[in-house]
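1. Fold the stuff below for me.
(chains A and B)
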2 protein chains.
Amino acid sequence: MKDARFTPEVLEDITSRVLRGMGAPESSAKTVARSLVLSNLVGHDSHGVIRLVEYSGWVQGGQIIPGAVPTIAWKDQATASIDGEWGWGQMASALATQTVIEGAREFGTATAVLSRTNHVGRLGEYVDSIAQAGMMGIAFCNTGGEVVAPFGGIKKVLGTNPFAWSVPGVDGYNLVLDFSTAVVAAGKVVLAAMNDEEIEPGALIDKDGNPSTRAKDLEEGGALLAFGGHKGSGLSVLIDAAAGMLSGNMPATISKSGFGNGTVIIAVDIARFVPLDFFREITRQFAGAIHEAGVPGTSSVAMPGEIEAKMKVSRLSEGIFVTAGVQQNILNVAATYGVLVPEFSNS
Amino acid sequence: MKDARFTPEVLEDITSRVLRGMGAPESSAKTVARSLVLSNLVGHDSHGVIRLVEYSGWVQGGQIIPGAVPTIAWKDQATASIDGEWGWGQMASALATQTVIEGAREFGTATAVLSRTNHVGRLGEYVDSIAQAGMMGIAFCNTGGEVVAPFGGIKKVLGTNPFAWSVPGVDGYNLVLDFSTAVVAAGKVVLAAMNDEEIEPGALIDKDGNPSTRAKDLEEGGALLAFGGHKGSGLSVLIDAAAGMLSGNMPATISKSGFGNGTVIIAVDIARFVPLDFFREITRQFAGAIHEAGVPGTSSVAMPGEIEAKMKVSRLSEGIFVTAGVQQNILNVAATYGVLVPEFSNS
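-> Purely as a prediction, here's the structure:
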């Protein structure tokens, strides 16, 4: 086995087969596979096919019920509650996204809360779909594990609680913002600790609250920091409170569950306020001003979502690079379910 | 004249009289005065009574039409458009806040966009009112002047574009987050430049893009930075796009107007999803965990909104400290309109 590039179709097929092996129905397997490979396509490999390893653990542990299909628990005017039924978070998210788009079409704005929902994947995917429908999308979710210290504190209390926001764009991409409220993703630090590597300054404190770059400090009583001081920490607190409680998933420090994504998705129909063509035309001018804000002669400054869109074009043409290590990990997971992956074995 | 403390009632009365002098009807003068003094009460003096100086300039310049009263331009199910009529931004915001609370009561969630609206004051006030009504509130507005460079850039393109978010709390305060997406408020830097002072590192770059603490660099071709690197910058871009375009106020770099706050206010009725008592009880437990996240033996870590709530209790009992300089500034503004302020003159 060696590092290699794969087309998204091949990766989706492999991923879908492994998910089928775990017990996912065909439509769930296809949706989750498409979602994971899309993360690879836009350059967020940490949210890509490597997640099969984690998902397998959750299936084995009973946190993910692979055959469960999410439902709309109730819909009441501009609000809806999606019951993930502890199935695949991407399925619940797709249903919630569709529900808020339809709700905002009818009422002008709509909010859905996702309960009993596993890892939703990349929030940017869902707000991008909302923007694609001509709407503004806001999504945030609380993550199950306590790993981030609140600003001014040293103890792990908060999850990495991501926030995403989108509006329709131009030139082939929507304005999509999607970030973890932790400086760095917990997964990256765990990986760095395995390899005894350092992480960037400003992201981690040790058990005594001192700044650290030693990844192992996270598992030895340290904590990740929220981005942007008290402002990013405040966002994380609001996410843990709002998404955690509205969904019943509970703030990480209350549930102590270590899994589940309490999620809120909001859509606002732009056309109720201004014509979508006008919105897009001004966005084009605005993007032009941002692009030209850099040091003269250097490359253009990127709009939110632009780097991902360019990466997608590039990876669609050149394929998605998957290291031998990641292939081996997926191969091992596949073997657990008796699924063969000759595409990896032969590469 | 010397530095002195005043009760909120006295400051509100003074402020109201000065606003009446500018041409505000009595109810507008009272509402705006209450809003400004509330900012002083919760400790945000930069958004307090000192704003009379700026407002007077806008009234003189014709940007604020002091007698204008905002209206609901249209209401369509869960969405509404508030026309500020270029009157007092606080009046438009109060109307929008009331409108989204009523809308969310009826539809579960509601969104209002404020057009032709002057400085709205402190967004935290409005989301706090939404939380007080048992709801989650989100508010953001784009500010008229280009003063912040986008992440990776050196040119001023963005406003200071604040963002606010709230949920109901316990123990006398709601969870209220309210921040500028710039590291520091532009007003603080302008003030520091007047006194030839330094500002904190990480907030400013000079005209060549080099980090600077010299406040005067802002007026000499430099730019403020967004908080939290690409994440905070991305929030600012989304605010300028969404609030700027939905309101017609336009992103700062398009309008070049230097004033106006395109504003979006969203409310979600919590009781549709979970009982409010449950929400409050879990908030109490969650706040307990945050409080105890600090270094053992040190003071407790604050929840969003908690510092402001404590400041309010303290200033309600001890009065609001107003420097001789601020008193003199307000006295000068008052004199323009023939308004006497013996409370300041005698102090």
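2. Residue A:207: what's its closest spatial neighbour, skipping adjacent residues?
-> Leaving aside its chain neighbours, residue A:207 sits nearest to residue A:221 (3.1 Å; criterion: CB to CB, 6 or more residues apart in numbering or on different chains). C-beta coordinates here come from the backbone N, C-alpha and C atoms, glycine included.
3. Under a three-state scheme, what state does that neighbour occupy?
-> coil (DSSP: H, G, I helix; E, B strand; the rest coil).
4. Could you count how many residues lie near it?
-> Around residue A:221 there are 13 other residues, counting by other CB atoms under 10 Å in any protein chain shown.
5. What is the neighbour count of the closest residue to chain B within the stretch 101-250 of chain A?
-> Nearest residue of the stretch 101-250 of chain A to chain B (CB to the nearest CB) works out as residue A:228 at 2.7 Å. Residue A:228: 25 surrounding residues under other CB under 10 Å.
6. Please name the spatially closest residue to it (chain neighbours excluded).
-> residue B:228 (2.7 Å).
7. try residue A:187
-> residue A:46 (5.7 Å).
8. wait, what's in contact with that neighbour?
-> A:39, A:185, A:187, A:188 (CB atoms under 8 Å, 6 or more residues apart in numbering or on different chains).
9. Check the offset of the helix or strand hosting the first one from the chain's centre.
-> Using DSSP states H and E, residue A:39 sits in helix A:26-41. Put simply, helix A:26-41 sits 13 Å off its chain's centre (CA atoms, centre = their mean, to the nearest Å).
10. buried sites along that helix?
-> Residues A:28-41 are the ones in helix A:26-41 that count as buried (16 or more other CB atoms under 10 Å in any protein chain shown).
11. from those, which is closest to residue A:4?
-> residue A:40 (13.2 Å; CB to CB).
12. Look up how far residue B:98 lies from the closest residue in space to the closest one that isn't next to it in sequence.
-> Leaving aside its chain neighbours, residue A:40 sits nearest to residue A:48 (3.5 Å; criterion: CB to CB, 6+ apart). To residue B:98, residue A:48 is 46 Å away according to CB to CB, to the nearest Å.
13. More neighbours: the two, which one.
-> residue A:48 (24 against 17).
14. In terms of pLDDT, where does that one sit?
-> The model reports residue A:48 with a pLDDT of 94.
15. so what's it up against?
-> A:36, A:37, A:39, A:40, A:320.
16. of all these, which comes closest to chain B?
-> Lowest distance from chain B to those (CB to the nearest CB) belongs to residue A:39, with 18.1 Å.
17. thought the closest one was touching residue A:119?
-> No: at 11.7 Å, residue A:39 does not count as touching residue A:119 under the criterion of CB atoms under 8 Å.
18. thinking again about what came up before, which strands and helices sit next to the helix or strand just after the helix holding residue A:39?
-> Using DSSP H and E, the helix or strand that follows helix A:26-41 towards the C-terminus is helix A:51-61. Contacts defined by 3 or more CB pairs under 8 Å, 6 or more residues apart in numbering or on different chains; DSSP states H and E place helix A:51-61 against helix A:8-22, helix A:324-336.
19. Packed most tightly, which of the ones you listed would that be?
-> Per residue and on average, the most neighbours among the helices and strands packed on helix A:51-61 fall to helix A:8-22, with a mean of 21 (mean count of other CB atoms under 10 Å in any protein chain shown).
20. relative to helix A:26-41, how tilted is it?
-> 130 degrees (axes from the mean of the first three to the mean of the last three CA atoms, to 10 degrees).
21. Output the contacts of residue A:46 in TSV, with secondary structure appended to each entry.
-> Below are the contacts of residue A:46 laid out as TSV (three-state DSSP):
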residue	secondary structure
A:39	helix
A:185	coil
A:187	helix
A:188	helix
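22. which of those residues count as buried?
-> Taking 16+ other CB under 10 Å as the criterion, what is buried in those is A:39, A:185, A:188.
23. quick one, helices of chain A?
-> Secondary structure of chain A (DSSP state H): helices located at A:8-22, A:26-41, A:51-61, A:89-107, A:123-132, A:186-194, A:229-247, A:252-255, A:276-291, A:306-318, A:324-336, A:342-345.
24. and of those helices, who's closest to residue B:145?
-> helix A:276-291 (13.9 Å).
25. I'd say residue A:208 and residue A:154 touch.
-> Yes: counting by CB under 8 Å, residue A:154 is a contact partner of residue A:208 at 7.2 Å.
26. ok, back up a step: I'd like the helices and strands packed on helix A:51-61 as JSON lines, with distance to chain B appended.
-> Shown next, in JSON lines, are the helices and strands packed on helix A:51-61 (distance: least, CB to the nearest CB, whole Å):
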{"stretch": "helix A:8-22", "distance to chain B": "26"}
{"stretch": "helix A:324-336", "distance to chain B": "26"}
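27. Reformat these as CSV; add mean pLDDT and distance to residue B:200.
-> Converted to CSV, the helices and strands packed on helix A:51-61 look like this (pLDDT from 0 to 100; distance: least, CB to CB, whole Å):
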stretch, mean pLDDT, distance to residue B:200
helix A:8-22, 98, 46
helix A:324-336, 95, 42
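28. mind showing which ranges of chain A have poor pLDDT?
-> For chain A, the stretches flagged by pLDDT under 70 are A:347.
29. domain assignment for it?
-> With domains defined by automatic domain parsing, chain A comprises A:1-63+A:319-347, A:277-309.
30. So which residues on the stretch 51-200 of chain A come close to chain B?
-> The stretch 51-200 of chain A comes close to chain B at residues A:76-79, A:81, A:106-111, A:113, A:136, A:138, A:149-155, A:157, A:165-167, A:175, A:177, A:179, as judged by CB under 8 Å from any CB of the partner chain.
31. ok, residue A:226 - contacts?
-> Residue A:226 neighbours (CB under 8 Å, 6+ apart): A:148, A:149, A:150, A:151, A:158, A:181, A:182, A:183, A:232, A:233, A:235, A:236.
32. so how far is residue B:187 from it?
-> As judged by CB to CB, residue A:226 and residue B:187 stand 26 Å apart.
33. before we move on, what about residue A:250?
-> To residue B:187, residue A:250 is 40 Å away according to CB to CB.
34. Next: residue A:216.
-> Residue A:216 is 44 Å from residue B:187, by CB to CB.
35. what does residue A:99 give?
-> 43 Å.
36. With residue A:19 instead?
-> When residue A:19 is compared with residue B:187 (using CB to CB), they lie 54 Å apart.
37. cool, residue A:269 as well?
-> 35 Å.
38. do the same with residue A:90
-> 45 Å.
39. Check residue A:41 too.
-> Distance of residue A:41 to residue B:187, given as CB to CB: 44 Å.
40. Run a quick neighbour tally on residue A:92.
-> Neighbour tally, residue A:92, other CB under 10 Å: 28.
41. check contacts around it.
-> By CB under 8 Å, 6+ apart, the residues touching residue A:92 are A:70, A:82, A:83, A:84, A:85, A:114, A:117, A:118, A:120, A:263.
42. Now with 6 Å, please.
-> A:70, A:82, A:84, A:114, A:117 (CB atoms under 6 Å, 6 or more residues apart in numbering or on different chains).
43. what about the third one, how many residues close to it?
-> Residue A:84 is surrounded by 31 other residues when neighbours are defined as other CB under 10 Å.
44. Nearest residue to it in space, please, no chain neighbours.
-> residue A:117 (3.2 Å).
45. Residue A:261 is in contact with the one you found, correct?
-> Yes: Residue A:117 lies in contact with residue A:261 (CB atoms under 6 Å); the separation is 5.4 Å.
46. shared neighbours, the two?
-> Jointly contacting residue A:117 and residue A:261 under the rule CB under 6 Å, 6+ apart are residue A:89.
47. Which among the helices and strands packed on helix A:51-61 is found nearest to residue A:306?
-> Per CB to CB, nearest to residue A:306 of the helices and strands packed on helix A:51-61: helix A:8-22, 20.0 Å.
48. In stretch A:152-160, which residues are buried?
-> A:152, A:153, A:154, A:155, A:156, A:157, A:158, A:159, A:160.
49. quick one: the most centrally placed residue in chain A and residue A:308, what's the gap?
-> In chain A, the centroid-proximal residue (CA atoms, centre = their mean) is residue A:122; its distance is 1.9 Å. Between residue A:122 and residue A:308 the distance is 10 Å, computed by CB to CB.
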